[in-house]
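A.B. asks: Model the structure of this input:
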Amino acid sequence: MSHHPSADQIIDLYDRHASTWNTLRANHFTDRKWIERFGALLQPSATVLDLGCGSGQPVARYLVDTGASIVGVDSSVRMLALCSTHYPAQEWIHADMRTLALNRQFDAILAWNSFFHLKPADQRQMFPIFRRHAAPGALLMFTSGPSHGEALGVFEGETLYHASLDAQEYRTQLHVHGFEVLDHVVEDAECGGLTVWLGRRLP
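C.D. replies: Numbering: from 1, shown residues only. Take a look at the predicted model:
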């Protein structure tokens, strides 16, 4: 598979367009259905590791409003600054999810519209990281592409890289690392066309 250089420019792009992204995303909650479902499965005051949290809107905002405690991780300093401004009581960490080692376990892990920006090899490396940060019984939800390959989108006139493994490989990776698949919907028309994986770490 050819590697597209824009894969390495995601962080810079989001950094430069953080305020625009936040404004566009804050009230554009086409994916509410899945975030509501995720939130409904959480125990009160659950701890949620939000990987690629962006500006915290609207996803972390929704979960905070349900009583969850958020630890948000993002590679963009400017996105995290927006998070800290909006939700100073939550914890925001500047880090690369691909090398994350917090030495803590969480009740739930979310890699929503972030995981799919990683190159395929980096996506494979995330499953041990999910495992290490997931408490027994923890939820895991992430978005992927519909099938194996790379796709280039556009944001603010710039190329935005996405990649995906095929569905069977995701199932295998989840299984090998101790997660059961609760649901998988390809290109959900009720959710802006997102392909969603919802899993749970086995006890």
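
A.B. asks: What about Asp74? Give its phi and psi, please.
C.D. replies: phi -150, psi 160 (degrees, to the nearest 10).

A.B. asks: list the buried ones in the longest helix along the chain?
C.D. replies: Ranked by residue count under DSSP state H, the longest helix found in the chain is helix 120-133. The neighbour-count check on helix 120-133 (16 or more other CB atoms under 10 Å) flags 120, 123, 126-127, 129-131, 133 as buried. (Glycine included, C-beta is placed from N, CA and C.)

A.B. asks: Can you name the residues in contact with it?
C.D. replies: Helix 120-133 has contacts (CB atoms under 8 Å, 6 or more residues apart in numbering) with 1, 49, 97-98, 100-102, 104-106, 109, 111, 115, 118, 140, 144, 148, 150, 163-165, 173-174, 176-179, 201.

A.B. asks: for stretch 192-203, same thing?
C.D. replies: Contacts for stretch 192-203 (CB under 8 Å, 6+ apart): 30-31, 34, 37-38, 113, 131, 134-146, 164, 170, 174, 178-188.

A.B. asks: On the pLDDT front, check the nearest residue to Gly39 once chain neighbours are set aside for me.
C.D. replies: Closest residue to Gly39 apart from its sequence neighbours, by CB to CB, 6 or more residues apart in numbering: Thr66 at 4.6 Å. As predicted, Thr66 sits at a pLDDT of 94.

A.B. asks: Would you agree Thr66 is in contact with Leu41?
C.D. replies: No: if you go by CB atoms under 8 Å, Thr66 and Leu41 don't touch, sitting 10.7 Å apart.

A.B. asks: the strands in this structure, which residues?
C.D. replies: In the chain, the strands defined using DSSP state E lie at 47-51, 69-74, 91-94, 106-111, 134-144, 149-155, 158-164, 179-188, 194-201.

A.B. asks: Just give me the residue closest to the centre of this structure.
C.D. replies: Ala111 (1.6 Å; CA atoms, centre = their mean).

A.B. asks: need the contact list for that residue.
C.D. replies: 51-52, 97, 126, 130, 140-143.

A.B. asks: repeat that for 10 Å
C.D. replies: 49-53, 73, 97, 117-118, 123, 126, 129-130, 140-144, 197 (CB atoms under 10 Å, 6 or more residues apart in numbering).

A.B. asks: List buried residues within these.
C.D. replies: Here, 16+ other CB under 10 Å leaves 49-53, 73, 97, 117-118, 123, 126, 129-130, 140-144, 197 buried among these.
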